[in-house]
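Asker: What shape does this take:
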Amino acid sequence: MKNIIRKIKIRKFSLSDLKRILKIEKFSFTMDAYPGNRFKNLFKRHPEGFWVAEKAGKVVGYIIAYITRGMANFISIAVDPRYRRLGIGKKLVNFMIRKFKRQGIKKASLEVRTTNRVSISFFKGLGFKIDKILKGIYRGGADAYRMEREI
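Answerer: Numbers count the residues shown, from 1 in each chain. Sure, this is the predicted structure:
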């Protein structure tokens, strides 16, 4: 695992990455996949918060997180299914947390579907705790957990 992680490069997102990001997105979020326009708008508004993980020149994951009202907000993270459970997602989150910490940010939050056990477990492993339930925020009226952690 460590050999693969060492070969993962994290770099800023470029619009030329969008096609690959959309494939990862559709594999990862069949019910709530963001359309291309959503990514373009997020990139336009928060270019400093959009990063990709790359292995041998191929994008294998991404993360979007930015500061709102003095808090780091993790908007989306996904890793290509063929590269999951190798530590890439953890590397992306930790990269952003270090970045926010250097900027003096003290707290991070995210929202996750209450039924998404894999993501909930992943974020708990990174120190996030369930703060509250957000009722009906997803398509079809599904609930979310707001998860937070100190940075």
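
Asker: residue ranges of the helices in the protein, please?
Answerer: Ranges of helices within the chain are 2-6, 18-28, 36-45, 88-102, 117-125, based on DSSP state H.

Asker: Format those as CSV; extra columns: mean pLDDT and mean neighbour count.
Answerer: For the C-beta atoms, the positions are set from N, CA and C on the backbone; glycine is no exception. Formatted as CSV, those follow (pLDDT from 0 to 100; neighbours: other Cβ atoms under 10 Å):
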stretch, mean pLDDT, mean neighbour count
helix 2-6, 69, 10
helix 18-28, 93, 16
helix 36-45, 91, 14
helix 88-102, 97, 17
helix 117-125, 96, 14
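
Asker: Relative to Met147, which of those helices is closest?
Answerer: The minimum distance between Met147 and the helices of the chain falls on helix 117-125, with 5.3 Å, by Cβ to Cβ.

Asker: Would you mind finding the longest strand in this protein?
Answerer: strand 58-68 (DSSP state E).

Asker: Check which helices and strands it sits against.
Answerer: Counting contacts by 3 or more Cβ pairs under 8 Å, 6 or more residues apart in numbering; DSSP states H and E, strand 58-68 is packed against helix 18-28, strand 50-55, strand 71-79, helix 88-102.
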